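# quick one, what's the 3D model for this:
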Amino acid sequence: MSVTWVLVANASAASLYINEGPKKGLRKFREFVHARSRAKLSELITDQPAHGRGGATRRAAYEPATDAKTAEADRFAGELKDALEAGRQQRDYQRLIVCAAPQFMGRLKRHFGAPLQRMMTDSFEKDYTKADHRSLTRRLEGCIYL
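The predicted model follows:
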């Protein structure tokens, strides 16, 4: 029996589905929510730049250092990678399909190591996180025998 995991994700939410073989359909078995990715940038930044007088310690009023929202998306991508990697190491699945918002797909792939990348047989740069079960099934029937 060949088991396929399907990750459907964007920067703040993800669902993990399983297909346990032909005629078995898709079953959602895990959800992930990363509320900090949805937070306003002002809520994520707690350290305001200093506005004092002085030479070397003075900083500009706005410093776009690595954007806090980008950092949160990276954290979430790492969390998803950890879950997928744990399943891979336990041999819970043989194939992986990833559907992710275009800007988040690159982030995910940067976190995936070579073994996890080899498990990924298909990827779609689409945000299907809001798709209902029937719609998701239709979109994936070309790469899984549902």
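# longest single helix anywhere in this structure?
For the chain, the longest helix by residue count, based on DSSP state H, is helix 68-89.
# off-centre distance for that helix?
6 Å (C-alpha atoms, centre = their mean, to the nearest Å).
# model confidence over the following helix or strand past that helix, on average?
On the C-terminal side of helix 68-89, the nearest following helix or strand under DSSP states H and E is strand 95-100. Averaging pLDDT along strand 95-100 gives 97.
# can you spell out which helices and strands pack onto the helix or strand that comes right after strand 95-100?
Per DSSP H and E, the first helix or strand lying C-terminal to strand 95-100 is helix 102-111. Contact here means 3 or more C-beta pairs under 8 Å, 6 or more residues apart in numbering; DSSP states H and E; on that basis helix 102-111 packs against helix 68-89, strand 95-100. To be clear about C-beta, it is placed using only N, CA and C from the backbone, and glycine gets the same treatment.
# which of those sits most buried?
Mean neighbour count (mean count of other C-beta atoms under 10 Å) peaks for strand 95-100 among the helices and strands packed on helix 102-111, with a mean of 22.
# hang on, residue 21 packs against residue 94?
No: with contact defined as C-beta atoms under 8 Å, residue 21 does not count as touching residue 94 (10.5 Å).
# can you check which residues contact both of these two?
With contacts defined as C-beta atoms under 8 Å, 6 or more residues apart in numbering, the residues shared by residue 21 and residue 94 are 2-3.
# for the chain, give me the ranges with low pLDDT.
1, 36-66, 146 (pLDDT under 70).
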